[in-house]
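[1] Starting from these lines, generate the structure:
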Amino acid sequence: MNHKLAVSLAALLVASSASWAADDGAALYTKKCAGCHGANGEGKPAMKAPTLRGTSLEANQIADHIAKGEPGSKAPHNKGIAGLNDQQAKAIAEWVKALK
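    Reported below is the predicted structural model:
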């Protein structure tokens, strides 16, 4: 295999995995977060669920909050969200940062 072809294939794989992660983050957000925070991160004041769209938190802070929770928070965020691994929490966090 020549060098140009190998580089092109590597670039395609990276682009595909980045797209897959974004899609995965969107699907996971819809399944795990949208019920409280809204389909577009708009929040639900009646539930006291804050807006996520436009958050000033960094993606790694969001991922930590999702994966580990915070003891002083109300459920479900007083502990990590059940059924998510660190990669999935990161995918959701990146999706949240992309919400406009």
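
[2] how many neighbours does Ile66 have?
    25 (other CB atoms under 10 Å). C-beta coordinates here come from the backbone N, C-alpha and C atoms, glycine included.

[3] typo on my end, it should be Ala26
    Around Ala26 there are 17 residues (other CB under 10 Å).

[4] in what helix or strand does it lie?
    helix 3-32 (DSSP states H and E).

[5] For Ala89, see how far away the spatially closest residue to His65 that is not a sequence neighbour is.
    Closest residue to His65 apart from its sequence neighbours, by CB to CB, 6 or more residues apart in numbering: His77 at 6.5 Å. Separation of His77 from Ala89 (CB to CB, to the nearest Å): 12 Å.

[6] Buried residues of the helix or strand hosting Trp95, list them for me.
    Element membership of Trp95, judged by DSSP H and E, is helix 86-98. Across helix 86-98, burial judged by 16 or more other CB atoms under 10 Å covers Gln88, Ala89, Lys90, Ala91, Ile92, Ala93, Glu94, Trp95, Val96, Lys97.

[7] and if you look at stretch 59-66?
    Result for stretch 59-66 [16+ other CB under 10 Å]: buried residues Ala59, Ile62, Ala63, Asp64, His65, Ile66.

[8] Take those residues and write them to TSV, including distance to Thr30, secondary structure and pLDDT.
    Converted to TSV, the buried residues of stretch 59-66 look like this (distance: CB to CB, whole Å; DSSP: H, G, I helix; E, B strand; the rest coil; pLDDT from 0 to 100):
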residue	distance to Thr30	secondary structure	pLDDT
Ala59	18	helix	97
Ile62	16	helix	96
Ala63	17	helix	97
Asp64	21	helix	96
His65	18	helix	94
Ile66	14	helix	96
